Structures are given as structure tokens and as C-alpha cells.
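# I would like to see how this sequence folds:
(one chain, ligands or ions: 1)
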Amino acid sequence: MHRRASDASPADVVVVGAGVAGLAAAVALARDGASVTLLERRAFAGGRAYSYPHPALGETIDSQHVILGCCTNFIDLIDQADAAWSIRWYDELCFLEPGGSRSCIRPSHLPAPLHQALSFLRAPMLGLRDKAAIAFGMAHFLCGAPHNDRESFAAWLKRTGQTERAIRHFWEPVITGALNDSLDKCSTKYAAKVFHESFLRSPQAGRMGIPAKPMSEFFEPVVKLARRLGVDVQMNTAVDAIERTTQGRWKLRTGAGEMETGAVVLATDFRHTERLLNTFVNATAAPGAHKPFVPRLFDFDRFVAAPITTIHLWFDREVCDLDCAALLDTRIQWVFAKSRIRGWDAARGSYLELVISASWPEIPMSREQILASALAELARFFPEAARATLLKSAVLKEARATFSVTPGLDAFRPPQTIPWPHLYVAGDWTATDWPSTMEGAVRSGRLAAGALAGDRTQFLSPESPATGLMRLLSRNQ
Ligand SMILES: Cc1cc2nc3c(=O)[nH]c(=O)nc-3n(C[C@H](O)[C@H](O)[C@H](O)COP(=O)(O)OP(=O)(O)OC[C@H]3O[C@@H](n4cnc5c(N)ncnc54)[C@H](O)[C@@H]3O)c2cc1C
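I've put the predicted structure just below:
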């Protein structure tokens, strides 16, 4: 057993929610010697990064999640669980145009930030003027992201004179895929972070990692690690209300009864956190008061959930010769050849997932409409898809996939320490300086655990090192 960092912090902790943030908090606290209980309302861990067996199809389905090499806390958590082998890494990012033209951006021997410059200069998806505009724009992000998040990325693109094609074939597909919203609804701060880390900082930071297993299976080793460290993991256990006892401890009400603990980490998404905090705030409101006291810190109305729709296609044969690619001039942002990523035998046919980010238009559409349009679009990039037999298909709509990093949102993302003693919040939506991602979620869980243990940053991993000239330029070392 490790020694606790701070003897003043309670030794018993309940973490609510076994999503990525909750798992990260529970593992960090257990490693630090706390007695941890992890309560999850659903039957599986991973939260929004989940997979489920589709009964009619006989397949396990998930929405493909990707990470970058700069996601150091996420990678470290997976490493601690001895599961790093289940991530496949890619150095090259291919943009495809309808008709088959390919622009593959990959690192060369040149030092950062020029490591991808040669393939970028050769990319047919952009003309010379577009490339010059992009190079000028990228120069703004050499040092990192701006501290202030008030400017929209659409305003920045206009201010820096980006061409229509540079926006359509580069800025927009990268940002809509990474931040899951339109350019006017994403702040320049988070867009800049994406470009700094993916294209400038180092070849290592920009590598793309793809879990090669369905997401709930992918997180199983982390749950096992938590259990090995002594965490009492209880699935199918929803917390309905929280309350402060007269002894200054916390009481949690679940379907199975009540439990008391010294400290609580609410690692739930913003909607469930609001609900749980309201159970406590309403219970403590002065009798007769119309509105409970909710500090300004929690202006939940500022958070906007954004949808992602994925289309899953099983063909009788290989229809795509890449593991993954960004698609241009279509509603589909990404194609993942999951059968290739997961190393299927060719005789088994192929399995593709198409991803539509910021998919508000698809939410009211029927499954048949989405499928028909996706198949027609796919054939514009991979004609073999029209010739192959589609064996089965599924459409998965995640209406609340991520929160949008709207301009000015930072002022409303709360820190993990909130005004009540020994009550903490975690989750991708809390203040992490990261957008809605698994890396943001791990950081939030570790920050909450650190705050509880006496030093908020103690469990964070170091940032991915800048290389080449970026060692001199990058602020974020
Ligand atoms: C379709 C899709 C694609 C995505 N793609 C990517 C990607 O490519 N890369 C990336 O990094 N991120 C991606 N994300 C975002 C990523 O999944 C989230 O940012 C991350 O999983 C958030 O983790 P979290 O722990 O903060 O929250 P959540 O995952 O929401 O976890 C909260 C947990 O709390 C539980 N809970 C809620 N209320 C209670 C209660 N009362 N009692 C007990 N338990 C409760 C929930 O069941 C859940 O398990 C994607 C998300 C989706 C949906």
C-alpha cells in the first residue's frame, strides 16, 4: 500500500461514474492508498466510450474513438493497465476526394514544425494559394493555443484570410472531426490546440492511435487494474441523491440503500452532475426559499451537447485499401476499416465504420435514409463498395456525444474542487484546457484525485515533448 499524499484528506472515497474520468480518478486514488468505491449506473465501464453486443446482428458495436500521441494521460492509464498493445498507431493521415485523389500527410526527416511540410506541399487537395494561406495560419499556432477562448474559429479563419478551399479541404474537416461542431461554434483556442499538437509539435504528438478492440473490451484491463488496486467496483448502481451528514461526511442514496463516505468525486457528465448536485442543493435550501443556492460556477445551460452518428457496414469482401481516412466534400468525416484495424482474416469479409460528426441533420432522419445516403457517398470514394454485397448494417446515433467548445465556455467550466468540502467534480466538461475527449476526461479524473489528495497536479503525466525547433517555440513543455 502506498502512503497517502495528505493525511488530512479522507481515507474513504466514493467515485460516481465509471467513465474514463471516473476510472482515472479511482485508479489514482487507490494507488495513493485511499479506500475507493466506484459506482456505475450501467452494466459496463467506459461511459460514452462504450460498446454493446447488438442482439439482431450478432456483432459488438461501438463508435470508433481515436487518440493522438499527445494524449499522454490517457496513454499512461492504458499503459498502467498493461493494455498499450491494444492501440494501433498511425503516422500518416490520408484525405480522400471523391473520385479517389489522395493527399497523405506524413512525417519526413525534417525537424518539427516542418516534419509534415514535404507531403503537405505535394498534397493535391490544395492549390498553392491555399497552402500559402494554411502555412500563414499555422504560424499563429507555433507557440501553442491562445489563452483566451472568446474568438470563434470561423472569425479567425476570416481574420487570417483563409481561402475557401483551404477551409473546405483542411481547416474544416480537421476541426469538425476533432471538436465535433461547426467552425462558428468552436473557439480558436481549442482549434489551435488541435493543430499545434497534430501538425506542429512533434511527429510523436501528432500520431493517431486507434483502439483495436470494441471500447468496453478495451477498458476491461483498466477495470481489472482498479480491482487489483483494491477499488470496490459496483456496476448497475446508480446514485440517486447525495447529502451531507451532520458529522461532515457524505451520504449517497442508491437503489440498493445508503452508503456513507468521507469524500465524493462526481465523475458524471454535466447533465447528471447537475441532477445530482441539485438533489443536495435542494435538500439544503432554506425552508421557503424559492431557488436553491447554486454558485455561478455551475451554469450548466452554457454546455451544449453535440451529436455523432456512425454507420456500420459489413461487406462480403474488402472494399477499402486503407485502415482509416478523412473524406472530403461529403457529410462523412471519417472512414474506419475496422476489419483491417482489428486484423480480421480476409475470408471474413470486411467491416467499415463511417463517422458523421456534428450530425444534427441526421438526428431526425430515419435509419434507412442515413444508410442509403452513406452508401451512395462511400461509393464515390471506394467504387468497390457499390459492387460488393452488403451483408448487414447498423446506424448508431449518439445525440449527446460530446460538448461543444463554444467561444467563451472556459469561464463556465468548473475546476474539480468545488465549494463544498470533500466533494469534487470530474469529467471531460470540467476545466482541463482540453476539448471533449478521453484525454480531457483522464486529466479531469486525475486533477480531482490530486485535489483530494492534497496536490491537484500530482497525478498528471508530463506533456508530450516538443522536438526540433519546437523545443524553442512551444510554450507547453
Ligand atoms: C460517438 C462518440 C465518439 C467519440 N469520439 C471520440 C474520439 O475519437 N476521441 C476522444 O478522445 N473522445 C471521443 N469521444 C468523447 C469521449 O467519449 C468522452 O469525452 C469521454 O468518454 C468522456 O468521459 P467522462 O468520464 O468524462 O464522461 P462519461 O463517459 O459520460 O462517463 C460518465 C459515467 O457516469 C455514469 N453515471 C452518470 N450518472 C450516474 C449516476 N447517477 N450514478 C452512477 N453512475 C452514473 C455514466 O453511466 C457514465 O458511465 C466520443 C464520444 C462519442 C459518444
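# the lowest-mean-pLDDT helix or strand in the chain: how far from the chain's middle?
Within the chain, no helix or strand scores below helix 270-284, which has a mean of 85 by mean pLDDT, DSSP states H and E. Chain-centre distance of helix 270-284: 25 Å, with C-alpha atoms, centre = their mean, to the nearest Å.
# export whichever helix or strand comes after it to PDB, keeping only CA atoms.
Going down the chain from helix 270-284, the next helix or strand is strand 305-315, by DSSP states H and E. Extracted C-alpha coordinates of strand 305-315, given in PDB (Å, rounded to 0.1, in the frame of the first residue of the first chain):
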ATOM      1  CA  ALA A 305     -24.200  18.600 -26.300                       C
ATOM      2  CA  ALA A 306     -23.300  17.700 -29.900                       C
ATOM      3  CA  PRO A 307     -24.200  14.500 -31.700                       C
ATOM      4  CA  ILE A 308     -22.200  12.000 -33.700                       C
ATOM      5  CA  THR A 309     -23.800   9.400 -36.000                       C
ATOM      6  CA  THR A 310     -21.900   6.300 -37.100                       C
ATOM      7  CA  ILE A 311     -22.800   3.900 -39.900                       C
ATOM      8  CA  HIS A 312     -21.600   0.300 -39.600                       C
ATOM      9  CA  LEU A 313     -21.300  -1.800 -42.700                       C
ATOM     10  CA  TRP A 314     -20.400  -5.400 -43.100                       C
ATOM     11  CA  PHE A 315     -19.400  -6.400 -46.700                       C
END
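# and strand 305-315, which strands flank it?
The strands that strand 305-315 pairs with in its sheet are strand 350-357 (antiparallel), strand 390-403 (antiparallel) (by DSSP bridges).
# deepest of those, which one?
Sort the strands paired with strand 305-315 by mean neighbour count, taking mean count of other C-beta atoms under 10 Å, and strand 350-357 sits at the top with a mean of 23. For the C-beta atoms, the positions are set from N, CA and C on the backbone; glycine is no exception.
# what's the helix or strand just after that one in contact with?
Proceeding N to C from strand 350-357, the next assigned helix or strand is helix 367-381, under DSSP H and E. With C-beta atoms under 8 Å, 6 or more residues apart in numbering as the contact definition, helix 367-381 has outside contacts at 96, 98-100, 309, 311, 313, 319, 325, 327, 330-332, 335, 352, 354, 356, 362, 385-386, 390, 393, 395.
# can you name every helix or strand that the host helix or strand of residue 28 contacts?
Element membership for residue 28 (DSSP H and E) is helix 20-31. In this structure, helix 20-31 packs against strand 12-16, strand 35-39, helix 72-80, helix 215-228, strand 263-266, helix 438-453, with contacts taken as 3 or more C-beta pairs under 8 Å, 6 or more residues apart in numbering; DSSP states H and E.
# gap between the fifth one and the chain center?
This means strand 263-266. Centroid displacement of strand 263-266 relative to its chain, using C-alpha atoms, centre = their mean, is 22 Å.
# for it, which positions count as buried?
If you call a residue buried by 16 or more other C-beta atoms under 10 Å, then strand 263-266 has these buried ones: 263, 264, 265, 266.
# of those residues, which fall within the contact range of the ligand?
With the criterion set as C-beta under 6 Å from any ligand atom, no member of the buried residues of strand 263-266 is near the ligand.
# can I get those residues in CSV including pLDDT?
What follows is the buried residues of strand 263-266, written out as CSV (pLDDT from 0 to 100):
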residue, pLDDT
263, 97
264, 98
265, 98
266, 98
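# name the nearest of those relative to residue 23.
Using C-beta to C-beta, residue 265 comes nearest to residue 23 of those, at 11.3 Å.
# so who does that closest one touch?
Shown in contact with residue 265 (C-beta under 8 Å, 6+ apart): 13-16, 22, 25, 29, 424-426, 445, 448-449, 452.
# separate out the buried members of those.
Listed as buried from those are 13-16, 22, 25, 29, 424-426, 445, 448-449, 452; burial here means 16+ other C-beta under 10 Å.
# now, which of those residues lie close to the ligand?
Near the ligand, judged by C-beta under 6 Å from any ligand atom, the entries from those are 16, 22.
# farthest-apart pair in the buried ones among the contacts of residue 265, please.
Across the buried ones among the contacts of residue 265, the longest distance by C-beta to C-beta is 14.7 Å; it joins 29 and 425.
# follow-up on the earlier one: can you tell me which of the buried residues of strand 263-266 is nearest residue 41?
Nearest to residue 41 among the buried residues of strand 263-266: residue 266, at 12.4 Å, using C-beta to C-beta.
# gap between the closest one and residue 306?
Distance from residue 266 to residue 306, counting by C-beta to C-beta, to the nearest Å: 22 Å.
# ok, residue 436 next?
Applying C-beta to C-beta, the value for residue 436 to residue 306 is 8 Å.
# now for these two: what residues contact both?
The contact sets of residue 436 and residue 306 overlap at 180, 402, 403, 404 (C-beta under 8 Å, 6+ apart).
# quick check: residues of the stretch 151-300 of the chain near the ligand?
Taking C-beta under 6 Å from any ligand atom as the criterion, the stretch 151-300 of the chain approaches the ligand at residues 238, 239, 267, 268, 269, 272, 276.
# show me what contacts the closest residue to residue 267 other than its chain neighbours?
Of all residues not flanking residue 267 in the chain, residue 22 sits nearest, at 3.3 Å (C-beta to C-beta, 6 or more residues apart in numbering). With contact set as C-beta under 8 Å, 6+ apart, residue 22 has these partners: 15, 16, 38, 40, 47, 265, 267, 268, 426, 445.
# may I see the buried residues of the least confident helix or strand of the chain?
Buried residues in helix 270-284, counting neighbours by 16+ other C-beta under 10 Å, are found at 270, 272, 273, 274, 276, 277, 278, 280, 281.
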